[in-house]
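Novice: this one's sequence-less:
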């Protein structure tokens, strides 16, 4: 009897955390399964999905209130990106993972923004705390994501960007200053574009 009570308590705890496989609409934290694809296969999957190469960051000093002085690898291979060097274009940085249930609904909305806004807004995804980069690339492919994707498997951005759950979206202006952080999943394209207009002053 005691064992059943313990198992039930553990199941309840895992559900509340919104870990892998959760269908909760709220921001989630979780882990992910071990990677099953080597670097060559991952690069091939990225290419097949049409995911763009990661952007080149400039060498300017970090802006006041700007992104942290961290460098992240490009998911699926490519040049690493220095976050604090991302300036010159209004930018949306979306934190997501293959195990994040709300992210699955939000990713197609970001893909649509990337297609419709063109050079007006740069969209970058960060695959966060995800041990399954192959699953992440496959989810991106199924979601129509072609914007650049970075990898943060060790959660190095968690403290400096206060990542407390997924999805999380950071809005950065053309000067490289973080102007807002949204810690909710956008439910519609209209909601997302309204946030872009509000925080970055950019419309399609």
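Specialist: Structure received. Treat the numbers as computed from the prediction; the structure is a model and nothing was measured.

Novice: And the strands in this structure?
Specialist: 71-74, 81-82, 91-96, 122-128, 149-152, 168-172, 178-182 (DSSP state E).

Novice: Residue 52 is nearest to which of the ones you listed?
Specialist: Ranking the strands of the chain by proximity to residue 52 (CB to CB) places strand 149-152 first, at 8.6 Å. The C-beta positions use only the backbone N, C-alpha and C, and glycine is treated the same way.

Novice: and that closest one, what does it pack onto?
Specialist: Using 3 or more CB pairs under 8 Å, 6 or more residues apart in numbering; DSSP states H and E as the contact test, the elements touching strand 149-152 are strand 71-74, strand 122-128, helix 133-142.

Novice: Retrieve the pLDDT associated with the closest residue to residue 68 other than its chain neighbours.
Specialist: Once flanking residues are discounted, residue 68 sits nearest to residue 160: 3.8 Å by CB to CB, 6 or more residues apart in numbering. The model reports residue 160 with a pLDDT of 96.

Novice: count of neighbours near residue 160?
Specialist: Using other CB atoms under 10 Å, residue 160 is surrounded by 12 other residues.

Novice: What of residue 98?
Specialist: Using other CB under 10 Å, the number of residues around residue 98 comes to 22.

Novice: Quick check, it in contact with residue 129.
Specialist: No. Residue 98 is beyond contact range of residue 129, at 10.3 Å (criterion: CB atoms under 8 Å).

Novice: Please enumerate the helices of the protein.
Specialist: Using DSSP state H, the helices of the chain run over residues 2-17, 39-49, 101-117, 133-142, 189-200.

Novice: and the second one, how far out from the chain's middle?
Specialist: Taking the mean of its C-alpha atoms, helix 39-49 sits 18 Å from the chain's own mean (CA atoms, centre = their mean, to the nearest Å).

Novice: Tell me which of the helices of the chain sits nearest to residue 93.
Specialist: Once the helices of the chain are compared by CB to CB, helix 101-117 is nearest, at 10.4 Å.

Novice: Buried residues in the closest one, which are they?
Specialist: For helix 101-117, burial by neighbour count (16 or more other CB atoms under 10 Å) applies to 101-107, 109-114, 117.

Novice: cool, and stretch 46-56?
Specialist: Those would be 46, 49, 51-52, 54-55, for stretch 46-56 by 16+ other CB under 10 Å.

Novice: How about residues contacting that stretch?
Specialist: In this structure, residues lying in contact with stretch 46-56 by CB atoms under 8 Å, 6 or more residues apart in numbering are 74-81, 86, 122, 124, 137-138, 140-141, 145-150.

Novice: coming back round to it: how about the buried residues of helix 101-117 in CSV, adding distance to residue 180?
Specialist: Below are the buried residues of helix 101-117 laid out as CSV (distance: CB to CB, whole Å):
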residue, distance to residue 180
101, 24
102, 19
103, 19
104, 23
105, 21
106, 16
107, 20
109, 17
110, 16
111, 21
112, 20
113, 15
114, 19
117, 17
